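Asker: generate coordinates for the sequence data below:
(chains A and B)
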Amino acid sequence: MSLHKNFWCAIAAGLFVASNAMAQTELTVYTAVEAEDLKRYAETFNQDHPDIKINWVRDSTGIITAKLLAERNNPQADLIWGLAATSLLLMKAEGMLEAYAPAGVEKLDPKFVDNSNPPAWVGMDAWVAAVCYNTVEAGKLGLPVPTSWKDLTDPVYKNHLIMPNPNSSGTGFLDVSSWLQMFGEEGGWAFMDALHENIARYTHSGSKPCKLAAAGEIPIGISFAFRGAKSKAAGAPLEIIVPSEGVGWDMEATGIIAGTANLEAAKTLVDWSITRTANEMYNTGYAVVAMPGVAKPVEHFPEGLLEAMIENDFEWAANNRKAILTEWQSRYDSKSDPKN
Amino acid sequence: MSVTADAAPVRPPTGRPLRAKLGRDDYIMRGYMLAIMVYLVVALAMPLYVMLSKSFTTYGFDLATYEFQVSDQAGNFTAPPVSAETLNRELGAVPPEKLTTSSDGRLPATLFFPDFAFRSPVLYRIRGTTAGATYLIGSERHLGTEWSQVTSNDFRRVMLRPVASRGLDNFVSYFSTPALFRSIQNSLLISLISTVITVSLAFGFAYALNRSCMRFKGFFRLVAVMPILVPSLLPGIALVYLFGRQGMIRELLMGEEIYGPIGIVIGSVFFTFPHAMIIITTALAISDARLYEAAVSLKASRWKTFWTVTIPGARYGLISASFVVFNLVITDFGLPKVIGGQYNMLAVDIYKQVIGQQNFEMGAVVSVVLLVPALIAFSVDRYVQKRQVAMLTTRSVPYQPKPHRRFDWLCFSYCGLVAVFIVGILGVCQFAALVKFWPYDLSLSLKNYAFDVMDGGGWASYRNSIRMALMTALIGTVVVFTGAYMVEKTKGFGAGRSVFQFLAMLPMAIPGMVLGLAYIFFFNNPANPLNFIYGTMAILVICTVTHFYTVSHLTAVTALKQMDIEFESVAASLKQPFYKLFARVTVPVCLPSVLDISIYLFVNAMTTVSAVVFLYSPTTTLASVAVLNMDDAGDVAPAAAMGMMIFYTNAVARLIHVAISKGVLKRTQAWRFK
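Answerer: Next up, the predicted model:
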C-alpha cells in the first residue's frame, strides 16, 4: 500500500520536474532594491536568460531582513538580490547562505566580495553615507556649509540636524559603525555625544532625513548620497556633502539561500548579477558599483565619493552590532523628552 | 401497560437525572458553535500562547559546551584542552549577567585569554563538546565536536554564539534597560492625558447635542464621526503640515516641537474623539426628565443639577468612554511613529525591536508588557458595565431640551470649534496631497497620486485594501452573527457557552500590534499545518476579523437578545428546523444590526495598521500600511493622498450603508413602527 503510494508520488514528482524543466524556472527573489528599479533589472536579466522568471519580494531592508530571519527554518526565498551586506552577514552567521563563487568573481573589487572562500555573497553596488544640506533653509538660518563630520558638532547647528536611529534603521547603524571605525571607540562616542546635542530628532528610516531636508522640514539631514541625488533630481534645493573624514557605506549584495530547490537557476542569476552588463545596469542609479572601471558619473552625485569611502570592516560591525546598539540606546535613547 | 406497572415496583430514581433529549437541531447548533470556537482558538488563543512562550525564549552563552586548546610557541599542542567555563571561573572574564544575550549575541573567544596577542605564533583550537555548540570564525558558522584550528590572527575573529533556553531573562533585561522601561511611563502618561482631554471634549460635544436646541445638530453629528474613517496616523501627517518646521501655523506652538508628546496627544484626541462621543451620547440620551423636573421644583441651580443629576446619570458612559480611549491610545502604533519624534512609546518599541533589530524575543516581551494595561482597562470596564443598572424604566420620561438662547449659542460655538478642528485636519491632508512640492512649489497637481513609483505597493495596495475590507465585512459578519446566534439560542451547554463568550470578548483587550506579531510566530512556523495561509489575503482577513470581533459580537448579541426565545419554541413546535427560522425570521429582524456589523468591519479593515503591519506580503500590500510606509520613506504628501483615498472610500461605503439600511428598514422593519 505504502509502496504503491510512493510509486505514484515518484511518478507525479517526475512529471512535475519534467514539465518544470521544459517550461520556465521560477525564482523567488527577496530584495530591498527601490521598487522603480526592479522591473528594469528583471527585463535586462531576461534579455540574456529568458528561461528564468523572477518573482520579486520587495520591502525595506529591515522588514526583508526580519522576514528572512523569521522564515529561517522554512525559507521561502531562492536567493537574495539587492540586500544590505550587513544583513547578508547575519544570514551567513546563521548558516542560511549557500557559498558560491560566481563565474568571473575575480573581476570584482575585492571589497565587494565576502571574505570566505567560496564567498557566501557578492556585492553589486555601494550606498554611501552623505549629508543632505538644504541651501534655502540653511541660508535663511545663516548656517555655514559643513565640510566634515566634526563640523556638524558645532553648536551653530543645534536642533538643525536629523539622522536615522540606528536601532530602527540600517543606515543609522552604518553611520554609527563608520564613526566608531574612523574615530576609534572613544573618539567615536565622544563625537556622537557632541552630535547628539545638535540632533533635533532621530528618524526610523534612512532615507527620511534626506527627504525631510529636501522638504525644508530640517536644514540638514544625515542620510545617503543615492537618496540625496534622487531628491535633487526632483528639484529640491539640496547640496549633497561628502564629509572630509570619509564616509561609511554598505553595499547591496547577492546570495543564494541554502537548501533552495532551484540551485542551478539561482547560480545562473548570481553569475549574471556580476557581469559587466549587470554592473552597467546598477550604474544608472548608483555611482559606485562592484566592477572597477565600469561606473560612469551619475548626475547629481557628489564628486569624490569613491575616494571618501572608508575601509569598512563589515565583520567587525556585525560582530559588535548588539553591543553598539545597546550602548547607543543607553546614551541617546533614554532621554526621551525632546530637547529644547 | 398495567402489566409493566405491576412488574416494576416503584423505586426512587437512580442514575443520572433526567435531561431534555437533544434533537438534531441541538447537535447541529452545538457543532456549529464548536466550529466557531475552534476558529477563535486557532485565530486568537493559540497565536497568543505562542507569542507568550516566545517572550520566555532566552538566549545565553553556554560556556561549558566549548573547549579550547592552545599550542606552544612552536605550534605544538601539548597542553590539555580546557573548557571555556573553567577558564571563565579562573579569570572572571565574563560576569554572569553578560552571558545572557539576544538571538544575535556574539562573545569574542579572546576574552578568555588575557595574554592573547594577535601577532604571536601561538595556534588555537576550538571545538564544541555537544553537536549543537555553535561558533563563528570570522562570519562563518561552525558547529560540532570537530576541532577547528586557527592562527592567533584569526583567533581574534572567533565568536561564540548563544543557545536558546527558557526563562525570565528577557523580562529582567527589559526592566533593566532604562530606554525601554521609560516607554511604559510615556505610554501611560500620554494615554492618561489624551483620555482626560478627549473625554472632556467629547462630553461637552455630546452634552450640546443632547441638551441644547442649537441648530445643525445632524451636521455636527456627521462631522464628529469623520475621524473614524481615516487611519490613526493621518492626523499626524496633518500636524506636520500645520506645526512642523515649515508648518502653516507653527507660531501657535510658541517654539515647542510638534514631534513628541504634544503631537501624539493632539493626534490621539482627534482619532479617539468619535469613539468617546458615541458612547457618551448614548449615555446622555438615556435620561429621565422626571429627575430634572424634580430638580427644578427643588429649586436646584443649573450647576447643581448638572453635578447631581446629569453626571451621575452618565457616569457609566463616561467610565466606559475613558477606558475605550485609554486603550485606543496606548495600543496605537501609527500616530506615535509618525509624529512621536524621540518620545518612545510601547507600541513603537515593538516595531523597533522586530523590524529594526530583528529581536523577535524582545518584541514579544514588549507585547506582553503592552498587554497588561490593556487587560486591566478591559477588565475594569467589564466590571463597571456589570454594575450598571437599568436607568431607563417604563415610567421614565425622555428629556426634551427647551430653547435657551445664550446656552444654545454657546453650545453651537463650542461644537463649531470642534468641527473646525476635525474638518481642518482632514482639509490640511487633502491640501497636502494636492500641493506639488511643499513648501517650495505650491502649484496644485496630482503627482502625489502616482503611488506606483513609491514605496508601499502603489495603487495595488488600494485595490487590495478594498478587497480585504469587503471580504472582512462579508466573512466577518457571517461568522460573528451566526456565532452570536448559536451562543444565544443554544439550550444548555453552559460551559461551552461561557468559554465562547470569553473568547469573543478577548480580542477587545489585545492590541493589534500584539495580535499581528503573534500571527507571525504562530502561522510562519513550518510545522503548523496552517502555514500555507501565511503571506496570503486569508491571513489578513482572519486577523482583521479577529481583531474587531468583540464589538461586532456585542452588537449581534444585543440585537439577538431583543428577540424572544419563544420564536425558537414556536418553530420547534411547528417542526421547523432552526436554520429555517434563522434565515426567515432572525436575520431579517436583525438586519439593521447585521448591516451595522458589516460597515464597522469594513471601515476598520480599511484603516487598520497595527495588526497587519507584520503580515502583509508583496502581493497583499494594503493602503493603510502604504500610508505608513510612504511617510516612513519621507514621501509625506503621497501618504496624505493615500490616507484621503481611504477616507473617501469609507465615506462612500457609509453612504451606501445608509441607503441600504433605509431601504431594508422599510421592507423588513415595518413591524417596528406599527
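Asker: chain A contacts on the stretch 401-550 of chain B?
Answerer: Contact residues (Cβ under 8 Å from any Cβ of the partner chain) of the stretch 401-550 of chain B with chain A: B:437-441, B:453-455, B:458, B:520, B:524-526, B:531, B:535. From N, CA and C alone the C-beta is placed, and that goes for glycine too.
Asker: 10 Å instead, please
Answerer: Applying Cβ under 10 Å from any Cβ of the partner chain, we find that the stretch 401-550 of chain B lies next to chain A at B:436-441, B:447, B:452-458, B:520-521, B:524-528, B:531, B:534-535.
Asker: out of those residues, list just those in strands.
Answerer: If you go by DSSP state E, those have B:436-437, B:441 in strands.
Asker: make a ChimeraX selection of the buried ones in these.
Answerer: Per 16 or more other Cβ atoms under 10 Å in any protein chain shown, the buried members of those correspond to this ChimeraX selection:
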select /B:437
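Asker: what is the nearest of the ones in strands among the residues of the stretch 401-550 of chain B next to chain A to B:Leu188?
Answerer: B:Phe437 (39.8 Å; Cβ to Cβ).
Asker: which non-adjacent residue is nearest residue 133?
Answerer: Just going to use chain A. Counting by Cβ to Cβ, 6 or more residues apart in numbering or on different chains, A:Tyr133 lies nearest to A:Glu239, which is 4.3 Å off, once chain neighbours are set aside.
Asker: my question was about chain B, not that one.
Answerer: Excluding its sequence neighbours, the residue lying closest to B:Ala133 (Cβ to Cβ, 6+ apart) is B:Thr65, at 4.0 Å.
Asker: surely that neighbour is in contact with B:Ile126?
Answerer: No: when contacts are counted by Cβ atoms under 10 Å, B:Thr65 is not listed as touching B:Ile126 (11.1 Å).
Asker: just the buried subset of the residues of the stretch 401-550 of chain B next to chain A, please.
Answerer: Buried members of those, scored by 16+ other Cβ under 10 Å, are B:437-440, B:447, B:454-458, B:520-521, B:524-525, B:528, B:534-535.
Asker: give me the number of residues near residue 184?
Answerer: No chain specified, so I'll use chain A. Using other Cβ atoms under 10 Å in any protein chain shown, A:Gly184 has 12 other residues around it.
Asker: that answer is for a different chain, and I need it for chain B
Answerer: Other residues near B:Ile184 come to 21 when the count uses other Cβ under 10 Å.
Asker: could you say which helix or strand holds it?
Answerer: In this assignment (DSSP states H and E), B:Ile184 forms part of helix B:178-211.
Asker: who does that helix touch, helix- and strand-wise?
Answerer: Contacting helix B:178-211 under the criterion 3 or more Cβ pairs under 10 Å, 6 or more residues apart in numbering or on different chains; DSSP states H and E are the following elements: helix B:169-175, helix B:217-225, helix B:261-285, helix B:311-331, helix B:334-339, helix B:346-351, helix B:360-387, helix B:405-434.
Asker: got the contact list for whichever residue of chain A sits closest to chain B?
Answerer: Of all residues in chain A, A:Lys211 sits closest to chain B, at 2.5 Å by Cβ to the nearest Cβ. A:Lys211 sits next to A:132, A:203, A:205, A:217-218, A:221, A:223, A:227-228, A:230-231, A:234, A:236, B:633-636 when contact means Cβ atoms under 10 Å, 6 or more residues apart in numbering or on different chains.
Asker: in what helix or strand does it lie?
Answerer: Taking DSSP H and E as the criterion, A:Lys211 maps to helix A:208-214.
Asker: now swap in A:Leu38 and tell me
Answerer: With elements taken from DSSP H and E, the one containing A:Leu38 is helix A:35-48.
Asker: which residues does that helix contact?
Answerer: A:24, A:29, A:31, A:33, A:52-56, A:58-59, A:81-82, A:124, A:230, A:268-269, A:272-273, A:275, A:277-278, A:280-282, A:284-286, B:452-458, B:618.
Asker: and what of stretch B:253-262?
Answerer: Stretch B:253-262 is contacted by residues A:159, A:162, A:200-201, A:203, A:217, A:336-340, B:186, B:189-190, B:193-194, B:236, B:239-245, B:247, B:250, B:263-264, B:266-267, B:336, B:338-343, B:345 when judged by Cβ under 10 Å, 6+ apart.
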